[in-house]
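Fold the following for me, if possible:
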Amino acid sequence: MRYRTRVTAPAAALMIGTATALSLDSPARAAGRTRTAEPGPETLGDPVFPALGNDGYRVSSYHIDLAYDPTTKLVEATATLRIRTTRALSRFSLDALGLDIRSLRVAGCDATWEQADEKLRITPAGPLPDGASVTVRVGYSADPRRALAHTAWVPTPDGFAICPQPNSAHTVFPCNDHPSDKAAFSFRLTVPKGLRAVANGLLTCTEDLADDRTAYTYRSASPIATELVQITVGDYVIKDREGPHGLPLRDVVPTARAAALEPALALTPGLVGWLEDRLGAFPFETYGLLPCNSDDPKAFDFTGLETQTLTLYKPNFLLQPEKNIGSHMMHELVHSWFGNLVSPATWGDLWLNEGHADFYGLLYRYERGWADSLGLTSMEARMKDTYARGDQWRHDSGPVAAPDAVNLFDSQRYLGGVLVLYAFRQLVGDDVFSAVERAFLERFRGSAASTEDYIAVATEVSGQDQSGFLRDWLYGTKTPRMPGHPDWTVNPVAPPSSFAAPHSKRGGHYHDNSATL
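Below is the predicted model of the structure:
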């Protein structure tokens, strides 16, 4: 996903110590803080997933040391987190589901713990002061094939991949599983010889171990949201190529399919170049595709998923002609900017990810003269069709920026988001719209941003208050008038039984509702 000298992070900030004692602030600063330690809240108040995430601390780094046994198909792992408390804590929690915890140490000392629902409650040997920097080390095992209420694991015949979005990273490693708490990541993945292990970022070390195993170490140069983590093991070959301006591209490809997948893989440099012209330099140290080594239609319920620096795909999708896949490949690539570089502050802000991905993906499609799934060949024609559906979608699926857990990934977040961006561009013009996009990405790079943040940037860059216009489009229950198209009309709302819903739910949280497919 994106590398050159674009993103810099001090090496020390990405290193994770082994057993670290508490690092306290100066007495003068600590004196003004509340000394009474209390249990940390087990929520970050997300409007879509209120039980997700934990407060009272922030994670600065994760190191995942994981070993895969192909005989048992089980995983043994240690997750080392460096956290900084934001209040005095007698207890704190991590998100965890389906993990068999075997050991837990906080600041080098044994800690007690309990697992309740999807929380791992940790009580350190002593209270943690406000402002303390603490190392938390959790030893655990996991079965990628375990049946859970939801899971990120994608078992394959020769290993696994993971798809954590939106709320399942904590089935792979204990974490503060919310996109607002991004952190540095490093990985050490141990597998038998003959298998390859890959994770986000760049390979920094390969170790040949005495027991006929190999350990691969990866490190990301940029912070990652937990939902964007990727770890995969299998019979893969790494295919390297060069992208625009020397960007290193690496694809992780099933060995037996490498030749057949090459035409799709070869499209990436052109896609990156097209998008850099519109959004600026690719924001990460590398990018590539991961066609997961599984043809099982139930393996994961989507076509592509934007894990950071690697986009996970169903391999059969990439075997199609360019006109069938190029638009969606662009959609997933856009997430390197909208979703990965700038993550949503809450899951209620998902339209920022998906609306932008579909917007540029459709522009790319129509520029090449490829008809979409409705047979339309221009953005204006597609937006007129979408506009007519606007009130129905708002009735059935809520406003664009107000999803719930059931309709989070339906078309209102995708095409509905595109319609908002189209309307805003119609209002301010191409040049101002482009300036807003770049300013938003630059201001919040490496962090998370909300819908209100986008509105604020739009107001500042355009020189006019855009809050009323954008809030009507994003939160209104009725579709506003389209600038520049006073003749466009909205269809009357029909009963749900007689009107196609804006989504085609197929189970889980994942829905292929992108208009780029």
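
I believe L104 is in a strand; please confirm or correct that.
Yes - judged by DSSP: H, G, I helix; E, B strand; the rest coil, L104 forms part of a strand.

which ones are touching it?
Going by C-beta atoms under 8 Å, 6 or more residues apart in numbering, L104 touches D110, A111, T112, W113, I122, V136, R137, V138, G139. (Glycine included, C-beta is placed from N, CA and C.)

For the first one, give me phi and psi.
Pointing back at D110 there. Main-chain dihedrals, D110, degrees, to the nearest 10: phi -60, psi 140.

quick one: it and F173, what's the gap?
Distance, D110 to F173, by C-beta to C-beta, to the nearest Å: 20 Å.

who's more crowded, these two?
F173 (31 against 11; other C-beta atoms under 10 Å).

before we move on, back to that, which among the contacts of L104 end up buried?
Buried residues within the contacts of L104, counting neighbours by 16 or more other C-beta atoms under 10 Å: A111, W113, I122, V136, R137, V138, G139.

which parts of stretch 411-427 are buried?
Using 16+ other C-beta under 10 Å as the test for burial, stretch 411-427 gives 411-427.

Stretch 366-383 too?
Applying 16+ other C-beta under 10 Å to stretch 366-383 flags Y366, D372, L376, M379, R382, M383 as buried.

same check, this time on stretch 228-247
Applying 16+ other C-beta under 10 Å to stretch 228-247 flags L228, V229, Q230, I231, T232, V233, G234, Y236, K239, G243, P244, L247 as buried.

Can you pick out the ones from these that are in strands?
Among those, DSSP state E puts I231, T232, V233, G234, Y236, K239 in strands.

Going by distance to R445, which of those residues wins?
Each of these was checked against R445 using C-beta to C-beta; the closest is I231, at 24.5 Å.

just checking, the closest one touches T190?
No - with contact defined as C-beta atoms under 8 Å, I231 does not reach T190; the gap is 11.8 Å.

Need the residues touching each of these two.
Contacts common to I231 and T190, judged by C-beta under 8 Å, 6+ apart, are L66, A197.

need the contact list for L189.
L189 touches 64, 66-68, 197-199, 215-218, 231, 233, counting by C-beta under 8 Å, 6+ apart.

Just the ones of the residues you listed in strands?
Secondary structure defined by DSSP E assigns 64, 66-68, 197-199, 215-218, 231, 233 of the contacts of L189 to strands.

Just give me the neighbour total for F185.
Neighbour count of F185, defined by other C-beta under 10 Å: 28.

no wait, V272
So V272, with other C-beta under 10 Å, has 23 neighbours.

Make 13 the first number, not 1, from now on.
In the new numbering, first residue 13, that becomes V284.

ok so it is a helix residue?
Yes - V284 forms part of a helix when assessed by three-state DSSP.

quick one, helices of the chain?
23-26, 39-43, 270-277, 280-291, 334-346, 362-379, 391-400, 402-409, 423-440, 442-455, 463-474, 479-487 (DSSP state H).

thinking again about what came up before, for the buried residues of stretch 378-395, give me CSV that also has distance to D484 and pLDDT.
Compiled in CSV, those are given as follows (distance: C-beta to C-beta, whole Å; pLDDT from 0 to 100):
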residue, distance to D484, pLDDT
Y378, 27, 98
D384, 27, 97
L388, 26, 98
M391, 21, 98
R394, 21, 98
M395, 17, 98
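
from the chain's centre, how far out does stretch 268-285 sit?
Mean-position distance between stretch 268-285 and its chain equals 22 Å (C-alpha atoms, centre = their mean, to the nearest Å).

Could you tell me the end-to-end distance of that stretch?
End-to-end distance for stretch 268-285: 29 Å, by C-alpha to C-alpha, to the nearest Å.

One more: stretch 118-128?
Stretch 118-128 has an end-to-end distance of 19 Å (criterion: C-alpha to C-alpha).

same check, this time on stretch 410-427
13 Å.

ok, for the most centrally placed residue in the chain, nearest residue in space, not its chain neighbours?
Computing the C-alpha centroid of the chain and ranking residues by C-alpha atoms, centre = their mean puts L240 first, at 3.7 Å. Leaving aside its sequence neighbours, L240 sits nearest to Q320 (C-beta to C-beta, 6 or more residues apart in numbering; 4.1 Å).

how near is that neighbour to A195?
12 Å.

Test my guess that F172 contacts V245.
Yes - F172 is in contact with V245 according to C-beta under 8 Å; the separation is 5.8 Å.

P167 reaches V87, doesn't it?
No - if you go by C-beta under 8 Å, P167 and V87 don't touch, sitting 11.0 Å apart.

about what we covered before: between F172 and V245, which contacts overlap?
Here F172 and V245 share the contacting residues Y80, scored by C-beta under 8 Å, 6+ apart.

out of the helices of the chain, which comes closest to T163?
helix 362-379 (20.4 Å).

from the chain's centre, how far out does the closest one sit?
For helix 362-379, the distance to the chain centre is 16 Å (C-alpha atoms, centre = their mean).

by contact count, what packs against that helix?
Using 3 or more C-beta pairs under 8 Å, 6 or more residues apart in numbering; DSSP states H and E as the contact test, the elements touching helix 362-379 are helix 280-291, helix 334-346, strand 354-356, helix 391-400, helix 423-440, helix 463-474.

go with 10 Å
Under the contact definition 3 or more C-beta pairs under 10 Å, 6 or more residues apart in numbering; DSSP states H and E, helix 362-379 sits against helix 280-291, helix 334-346, strand 354-356, helix 391-400, helix 423-440, helix 442-455, helix 463-474.

Could you point out which of those sits nearest L101?
Smallest distance to L101 across these (C-beta to C-beta): 25.0 Å, for strand 354-356.

residues making contact with the closest one?
58, 60, 178, 190-194, 235-240, 295, 320, 347, 350, 361-366, 368, 452-463, 465-466 (C-beta atoms under 10 Å, 6 or more residues apart in numbering).

now the nearest residue in space to T358 that is not next to it in sequence: how far from N66?
For T358, ignoring the flanking residues on the chain, the nearest one in space by C-beta to C-beta, 6+ apart is D58 at 5.0 Å. According to C-beta to C-beta, D58 and N66 sit 11 Å apart.

and of the buried residues of stretch 240-259, the nearest to A144?
V241 (25.5 Å).
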